[in-house]
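*Asks:* just coords:
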């Protein structure tokens, strides 16, 4: 931590005899600094990290409701992988969620951003429309789309003429298609989110780069992929991480639709069902939670590494 | 940039270049068509909900939902408001969101100040702890949290249950704990951009740490704080999960989670459900219309890394 940036900080300016960085702090100032950092840290550790670590321990027990807790080793994990008929579908659904976000939602948001960045007329109106879903809660998005998907009364079936007796499409009830229907809802929101992030990134691209490229005769396609896109690297990292994390976190939409059952199983939803369900299977729920934790540590570590590497030399 | 044709080559280069060499008209038409079609798809669900909400049940029962309106009315909104006891849930949301936003901003600006304005060896570790905590999926730590909330006793005047579990206070606590991470990350990035000369001068004058933070640093962070406040208000108001995990009494739900109850209350009356949905969206729509810029700048502050 001895970068040149550090040297300019107030504390290090005081390098008198003794050389201690915080040497000049009065006792009172030291206490104030300690409290300013200590109280929030304690809260964060107590309510986020301690439970996260505790869930690893709980995952090796049979904790359930108010019953006495017993160590059961890897039994929960064994049950999860071999018996629980919801676990693997949930994993597959989370994966599909991720794929749809990467293959559809993100490129779509990027396309919106690139087109709107050209400064065409009405940019602000288009931008506001695409951004609207980002403001709504996911639970509300679930309700709004129920009105769209309703077999008899929904807009979609009415437009495609599938409301007659027997030929209605039950978009959210049919376990073969309901995940796709919900993924459309999720994309509806995610694309706007991605668009806003890319718009900010595109605005920051140095215009002289494009100038030079256009003088060299680059066509718009080359211009974007060879010149603009590489400069968006920091944003790309953020969007990649956001995309992975959001697909692991996906919960509200399926929960509001049917509680996360019947084709809409997700890891987050089955954890919630185990823990809050009638049986209160805390140990088993934690075990699935640990699986989710381990998977999420991959994008989290990647993000932290990319973010803090440059200036702080991890 | 369309004026470039017919001018001297040198002039053409000069005028064309700064305008980002815009696409030719043909491409432009393509972009308009694509964006307009997409925009129609994007706005359709909201307009359909609004349209459903504005139509009397008698009309939709008789002619179906997919039909021209005979009349439009605000009655559904009034009925949804009264039958759903919406004001009660709005107040719950208010009691959770306002304290949570204020406390989150205060605590995270404290941390951000320490780690960005002082050079302690543990600064990086602190940033990692806070930022990583915010990226965890909530379900990862819900089980122990659920148990913890059942253990922790709080005075009766703060929670009728006597526990952190099933209390609005509990929701404030978890929202603060969880959201602090993102806020610390963004605010510390922002504070790093404030020139050190400003605080150094104060230090020479013998200003205390607290004065430096409260009187000098925070006022300079106003734009970032405004953006964060907008973002946090929307996120905490929109939070659905924590109440599911940590509240057992339906009447204590914030409005976003109360959607689950309202679905039952309005039964199969889509008109009421649509009206209720629009009412619940109102506060976020107000933010959307009035503070969209702050909201977006908050999001991008976090992503572009000041």
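*Replies:* Good, I have the coordinates. The structure displayed is predicted, hence computed values, not measured ones. Residues are numbered from 1 along each chain as shown, chains lettered A, B, ... in the order given.

*Asks:* give me the contact list for stretch A:233-240.
*Replies:* A:106, A:194, A:197-198, A:200-201, A:229, A:299, A:303, A:306-307, B:302-305 (C-beta atoms under 8 Å, 6 or more residues apart in numbering or on different chains). Backbone N, C-alpha and C define where each C-beta goes, glycine included.

*Asks:* repeat the analysis, applying 6 Å as the threshold.
*Replies:* A:194, A:197, A:201, A:306, B:303 (C-beta atoms under 6 Å, 6 or more residues apart in numbering or on different chains).

*Asks:* residue A:243: which of those residues is nearest?
*Replies:* residue A:194 (7.8 Å; C-beta to C-beta).

*Asks:* am I right that the closest one is in a strand?
*Replies:* No - counting by DSSP: H, G, I helix; E, B strand; the rest coil, residue A:194 falls outside a strand, being helix.

*Asks:* and it, how far is that from chain B?
*Replies:* According to C-beta to the nearest C-beta, to the nearest Å, residue A:194 and chain B sit 10 Å apart.

*Asks:* quick one: pLDDT of that residue?
*Replies:* If you check residue A:194, the pLDDT there is 94.

*Asks:* how about residue A:23?
*Replies:* On pLDDT, residue A:23 comes in at 48.

*Asks:* same check, this time on residue A:210
*Replies:* 84.

*Asks:* that one belongs to a helix?
*Replies:* Yes - judged by three-state DSSP, residue A:210 forms part of a helix.

*Asks:* burial of it, as a residue count?
*Replies:* Using other C-beta atoms under 10 Å in any protein chain shown, residue A:210 has 19 other residues around it.

*Asks:* same thing with the one 10 residues further on?
*Replies:* Residues lying near residue A:220 (other C-beta under 10 Å) number 17.

*Asks:* wait, what's in contact with residue A:58?
*Replies:* By C-beta under 6 Å, 6+ apart, residue A:58 lies in contact with A:283, A:286, B:143.

*Asks:* any idea how far it is from residue B:139?
*Replies:* 13 Å (C-beta to C-beta, to the nearest Å).

*Asks:* close to chain A: what parts of the stretch 201-306 of chain B are there?
*Replies:* Neighbours of chain A within the stretch 201-306 of chain B, by C-beta under 6 Å from any C-beta of the partner chain: B:203, B:208-210, B:238, B:240, B:256, B:259, B:270, B:274, B:277, B:280-281, B:284, B:288, B:296, B:299-300, B:303-304.

*Asks:* pull out the buried residues from those residues.
*Replies:* Among these, those classed as buried by 16 or more other C-beta atoms under 10 Å in any protein chain shown are B:203, B:208-209, B:238, B:240, B:256, B:259, B:270, B:274, B:277, B:280-281, B:284, B:288, B:296, B:299-300, B:303-304.

*Asks:* outline the domain layout of chain A.
*Replies:* What automatic domain parsing lists as the domains of chain A is A:4-58, A:75-312.

*Asks:* out of the ones you listed, which is the most enclosed?
*Replies:* Among the domains of chain A, the stretch with the highest mean neighbour count (mean count of other C-beta atoms under 10 Å in any protein chain shown) is domain A:75-312, at a mean of 19.

*Asks:* pLDDT for the contacts of residue A:58 - can I get that in CSV?
*Replies:* Formatted as CSV, the contacts of residue A:58 follow (pLDDT from 0 to 100):
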residue, pLDDT
A:283, 93
A:286, 95
B:143, 91
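
*Asks:* ok, those residues vs residue A:132, which is closest?
*Replies:* Taking the contacts of residue A:58 together and measuring to residue A:132 by C-beta to C-beta, the closest member is residue B:143, at 35.4 Å.

*Asks:* does chain A have contacts with whichever strand or helix holds that closest one?
*Replies:* Element membership for residue B:143, per DSSP states H and E: helix B:142-151. Yes - against chain A, helix B:142-151 shows contacts by C-beta under 6 Å from any C-beta at B:143-145.

*Asks:* ok, and the most crowded of these?
*Replies:* For those, the largest neighbour count, defined by other C-beta under 10 Å, is 32 neighbours, found at residue B:143.

*Asks:* quick one: contacts for that residue?
*Replies:* Per C-beta under 6 Å, 6+ apart, neighbours of residue B:143: A:55, A:58, A:275, A:282, A:285-286.

*Asks:* get me the contact residues on the stretch 51-200 of chain A for chain B.
*Replies:* Close to chain B, as judged by C-beta under 6 Å from any C-beta, the stretch 51-200 of chain A has residues A:51-52, A:54-55, A:58, A:115, A:126, A:129-130, A:135-137, A:139-140, A:143-144, A:147-148, A:153, A:155, A:158, A:196-197, A:200.

*Asks:* among those residues, name the ones in helices.
*Replies:* A:51-52, A:54-55, A:58, A:115, A:126, A:129-130, A:135, A:139-140, A:143-144, A:147-148, A:155, A:158, A:196-197, A:200 (DSSP state H).

*Asks:* and residue A:70, what's its pLDDT?
*Replies:* Reported pLDDT for residue A:70: 89.

*Asks:* same check on residue B:292?
*Replies:* Per-residue confidence for residue B:292 comes out at a pLDDT of 84.

*Asks:* ok, residue A:200 next?
*Replies:* 88.

*Asks:* likewise residue A:82?
*Replies:* 94.

*Asks:* equivalent analysis for residue B:4, please.
*Replies:* Value for residue B:4, per-residue pLDDT: 35.

*Asks:* so residue A:214 lies in a strand, does it not?
*Replies:* No - Residue A:214: not assigned to a strand; according to three-state DSSP it is helix.

*Asks:* in contact with the spatially most central residue of chain B, which residues are there?
*Replies:* By C-alpha atoms, centre = their mean, chain B has its centre lying nearest to residue B:234, at 2.7 Å. For residue B:234, the contact set (C-beta under 6 Å, 6+ apart) comprises B:284, B:287.

*Asks:* doesn't it fall inside a helix?
*Replies:* Yes - counting by three-state DSSP, residue B:234 is part of a helix.

*Asks:* how close does it sit to residue A:290?
*Replies:* Distance of residue B:234 to residue A:290, computed by C-beta to C-beta: 31 Å.

*Asks:* any idea which element the residue at minimal distance from the centre of chain A lies in?
*Replies:* The residue lying closest to the centre of chain A (C-alpha atoms, centre = their mean) is residue A:246, at 2.3 Å. Residue A:246 is part of helix A:233-249, with elements assigned from DSSP H and E.

*Asks:* then residue A:172?
*Replies:* Judged by DSSP H and E, residue A:172 forms part of no helix or strand.

*Asks:* pretty sure it contacts residue A:179?
*Replies:* No - checked against C-beta atoms under 6 Å, the pair residue A:172 and residue A:179 is beyond contact range at 9.9 Å.

*Asks:* residue contacts, residue 288?
*Replies:* Here I'm looking at chain A. residue A:271 are the contacts of residue A:288 under C-beta under 6 Å, 6+ apart.

*Asks:* ah, no, chain B please
*Replies:* Residue B:288 makes contact with residue A:135, according to C-beta under 6 Å, 6+ apart.

*Asks:* measure it to residue B:268 for me?
*Replies:* Applying C-beta to C-beta to residue B:288 and residue B:268 gives a distance of 30 Å.

*Asks:* could you do residue B:282 as well?
*Replies:* Taking C-beta to C-beta, one finds residue B:282 at 24 Å from residue B:268.

*Asks:* skipping adjacent residues, who's closest to residue A:46 in space?
*Replies:* Distances taken as C-beta to C-beta, 6 or more residues apart in numbering or on different chains place residue B:177 nearest to residue A:46, at 7.6 Å, with adjacent residues excluded.

*Asks:* any idea which helix or strand carries that neighbour?
*Replies:* helix B:168-192.
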